[in-house]
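Asker: Sequence and predicted model, in that order:
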Amino acid sequence: MSTTAREKFSSQAAPEVLAALRQIAETQGRQFQSVLDEALREYIDRQQKERPRRHVMTAFASSLDEFDSLYRKLAK
């Protein structure tokens, strides 16, 4: 990990989530903050990659409206 500037924030989490993160950090010999940072980055990456963009979903909905009967025939 790079030594980038950090910003403090305050939040809350379920006790079992924090316990699991602490256990991972201990098992891997890492700092809790490092494990938390990695988890947050991975979550952000998944959200940005898995979620279709709004214009894609609009085009998909339009396609369904326009070609619904064709899609139903092809599905048979």
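Answerer: Nice, I can see it. The shown structure was predicted, so the numbers you read here are calculated from the model rather than taken from an experiment. Residues are numbered from 1 along each chain as shown.

Asker: Show the low-confidence segments of this structure, by residue range.
Answerer: Where the chain drops to pLDDT under 70, the residues are 1-3.

Asker: Tell me where it has helices.
Answerer: 15-28, 32-50, 54-75 (DSSP state H).

Asker: closest to Glu7 out of those helices?
Answerer: helix 32-50 (11.4 Å; C-beta to C-beta). C-beta coordinates here come from the backbone N, C-alpha and C atoms, glycine included.

Asker: Export only the CA atoms of that closest one, formatted as PDB.
Answerer: Output of helix 32-50 as PDB, limited to C-alpha atoms (Å, rounded to 0.1, in the frame of the first residue of the first chain):
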ATOM      1  CA  PHE A  32      -6.400  -3.100  11.400                       C
ATOM      2  CA  GLN A  33      -6.400   0.200   9.400                       C
ATOM      3  CA  SER A  34      -4.700  -1.600   6.400                       C
ATOM      4  CA  VAL A  35      -7.300  -4.400   6.300                       C
ATOM      5  CA  LEU A  36     -10.200  -1.900   6.600                       C
ATOM      6  CA  ASP A  37      -8.700   0.300   3.800                       C
ATOM      7  CA  GLU A  38      -8.300  -2.800   1.600                       C
ATOM      8  CA  ALA A  39     -11.900  -3.900   2.300                       C
ATOM      9  CA  LEU A  40     -13.300  -0.500   1.500                       C
ATOM     10  CA  ARG A  41     -11.300  -0.300  -1.800                       C
ATOM     11  CA  GLU A  42     -12.400  -3.700  -2.900                       C
ATOM     12  CA  TYR A  43     -16.000  -2.800  -2.100                       C
ATOM     13  CA  ILE A  44     -15.700   0.400  -4.200                       C
ATOM     14  CA  ASP A  45     -14.100  -1.500  -7.100                       C
ATOM     15  CA  ARG A  46     -16.900  -4.100  -7.100                       C
ATOM     16  CA  GLN A  47     -19.600  -1.500  -7.000                       C
ATOM     17  CA  GLN A  48     -18.100   0.500  -9.800                       C
ATOM     18  CA  LYS A  49     -17.500  -2.500 -12.000                       C
ATOM     19  CA  GLU A  50     -20.600  -4.600 -11.400                       C
END
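
Asker: just the angle between it and helix 15-28, please?
Answerer: 110 degrees (axes from the mean of the first three to the mean of the last three C-alpha atoms, to 10 degrees).
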